[in-house]
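J.: quick one, fold the following:
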Amino acid sequence: MLDDRKLTILRAIVTDYVSMREPVGSRALVERYQLDVSPATVRNDMAVLEEEGYIMQPHTSAGRIPTDKGYRLFVDRLGTVKPLSGAERRAIETFMAGAVDIDDVVRRTVRLLAQITRQVAIVQYPILSSATIRHLEVVTLNPERGLLILVNSSGKVDQHPVDLGGAPEETVADLRGRLNAALVGLAPSRVVERAERLVEEFPDDVRPLGAAVVAAILEMVTADPSTRVVVGGVPNLTRFSDQYETTVRPVLEALEEQVVLLRLLGEVAGTGDVTVRIGHENPYAPLRSTSVVASGYGTDDDIWANLGVVGPTRMDYPSTMAAVRAVARYVGRFLAEG
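T.: Below you'll find the predicted structure:
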């Protein structure tokens with residue numbers, strides 16, 4: 001069990017190493033933090049911390065740096081999450097205010113997270129189960145090919161090619177009207193139920209085209225958007241290349257794997273609370289020189305998806321955790337309010 005002085009020293013080592021990127025020595029700690037003990041006493045305490053696995057000496061002539069275990073204790077017990085300033089909160093609101101649809105919200109969110117944390121940001125597309133169909137459009141591109149456009153109540157716009165089979169424009173227009181009359185205002189589950197009977201209700205001259213378009217609609221509304229992940233701020237990795245135990249390449253390769261990112265966010269987040277996974281706590285070997293800070297976002301009653309950041313273990317955890325929490329809450333509120 002570490003006493004208060006050793007905990008204070010560990011907090012100081014983490015804080016200094018994160019800000020200065022250099023191993024921390026006992027004399028510097030005494031002078032900078034006015035510990036009211038001698039450097040020899042601090043060295044003895046640092047020896048205990050090293051023996052317990054909280055800090056390590058990268059080479060014989062250096063001071064000490066935190067280990068994954070040291071960062072974990074700092075996050076769990078010693079670090080205080082820094083609330084965002086009023087200016088930072090207003091900047092988030094301003095940055096997100098012009099979003100026009102779900103795609104725009106996700107793009108803005110990943111850029112915002114990357115900018116304010118200076119890490120790699122990852123945002124999973126939300127599942128908005130309450131969204132309903134606002135409008136359906138079938139656009140003729142040529143006599144054989146058309147484009148189905150679906151707009152839902154959250155502003156999300158999806159497109160899908162359809163085979164018109166040479167149907168005249170009057171038939172296309174008739175089908176367009178029937179689809180909007182039957183499906184506007186329905187949630188995806190209701191669309192699936194209604195579509196099963198809808199094709200049978202079409203007149204004979206509309207039914208072949210109607211069957212093809214309804215099949216496309218079903219494919220669109222049953223697609224799982226949560227399998228999509230957007231990554232931003234990858235150039236931020238280069239700022240920390242000298243901090244990584246491995247080269248940046250394995251980390252970059254891991255960030256290109258959507259399945260890995262989905263599992264990573266799902267395992268770390270999944271709730272409305274900020275969760276941190278540090279270094280070797282990550283199950284994926286290429287990411288064991290990184291930390292992941294993530295949170296679910298949505299409403300108080302329903303988590304729609306997850307977002308977070310990936311960066312070096314030498315991370316400003318209090319600020320990063322505050323930023324992830326604030327952005328998750330704001331995006332959830334923004335989407336809920338439509």
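
J.: give me the number of residues near S61?
T.: By other Cβ atoms under 10 Å, 7 other residues sit near S61. (Each C-beta comes from the backbone N, C-alpha and C, glycine too.)

J.: what about it, distance to I278?
T.: Distance from S61 to I278, counting by Cβ to Cβ, to the nearest Å: 27 Å.

J.: swap in A336?
T.: Distance from A336 to I278, counting by Cβ to Cβ: 31 Å.

J.: these two - which one has more neighbours?
T.: I278 (23 against 16).

J.: next up, phi/psi of the more buried one, please.
T.: Note on I278: backbone dihedrals following degrees, to the nearest 10 are phi -110, psi 130.

J.: quick one: it and S291 touch, right?
T.: Yes - shown here, I278 and S291 form a contact pair, counting by Cβ atoms under 8 Å, at 4.7 Å.

J.: which neighbours do the two share?
T.: Counting by Cβ atoms under 8 Å, 6 or more residues apart in numbering, the common neighbours of I278 and S291 are Y71, T313.

J.: give me the distance between the helix or strand bottoming out on mean pLDDT in the chain and the centre of its chain.
T.: Lowest on mean pLDDT, DSSP states H and E among the helices and strands of the chain sits helix 258-268, with a mean of 79. When distances are taken as Cα atoms, centre = their mean, to the nearest Å, helix 258-268 is centred 10 Å away from the chain's centroid.

J.: mind listing what's buried along it?
T.: V260, L261, L262, L264, L265, E267, V268 (16 or more other Cβ atoms under 10 Å).

J.: ranges for the strands of the protein?
T.: All strands of the chain, identified by DSSP state E, fall at 55-56, 65-66, 120-124, 133-140, 145-152, 157-163, 229-232, 275-278, 290-298, 303-312.

J.: now mean pLDDT too, for these, in TSV please.
T.: Output for the strands of the chain, formatted as TSV (pLDDT from 0 to 100):
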stretch	mean pLDDT
strand 55-56	94
strand 65-66	94
strand 120-124	93
strand 133-140	92
strand 145-152	91
strand 157-163	90
strand 229-232	92
strand 275-278	93
strand 290-298	90
strand 303-312	88
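
J.: between these, which one is closest to A173.
T.: A173 lies closest, by Cβ to Cβ, to one member of the strands of the chain: strand 133-140, at 8.4 Å.

J.: so which elements touch the closest one?
T.: strand 145-152, helix 169-183, helix 207-222 (3 or more Cβ pairs under 8 Å, 6 or more residues apart in numbering; DSSP states H and E).

J.: again, 7 Å this time
T.: strand 145-152, helix 169-183 (3 or more Cβ pairs under 7 Å, 6 or more residues apart in numbering; DSSP states H and E).

J.: pick the most buried one from the ones you listed.
T.: Ranked by mean neighbour count, the helices and strands packed on strand 133-140 are led by strand 145-152 with a mean of 18 (mean count of other Cβ atoms under 10 Å).

J.: what angle separates that strand from helix 169-183?
T.: 20 degrees (axes from the mean of the first three to the mean of the last three Cα atoms, to 10 degrees).

J.: what lines up beside strand 145-152 in the sheet?
T.: strand 133-140 (antiparallel), strand 157-163 (antiparallel) (DSSP bridges).

J.: could those go into TSV alongside mean neighbour count and distance to V274?
T.: Shown next, in TSV, are those (neighbours: other Cβ atoms under 10 Å; distance: least, Cβ to Cβ, whole Å):
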stretch	mean neighbour count	distance to V274
strand 133-140	18	34
strand 157-163	15	31
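
J.: could the ones you listed be laid out in CSV, adding distance to E200?
T.: Shown next, in CSV, are those (distance: least, Cβ to Cβ, whole Å):
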stretch, distance to E200
strand 133-140, 19
strand 157-163, 19
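
J.: which one of the helices and strands packed on strand 133-140 lies nearest to V331?
T.: Between those, strand 145-152 lies closest to V331; by Cβ to Cβ that is 17.5 Å.

J.: who touches that closest one?
T.: 131-141, 157-164, 172, 213, 216-217, 220 (Cβ atoms under 7 Å, 6 or more residues apart in numbering).
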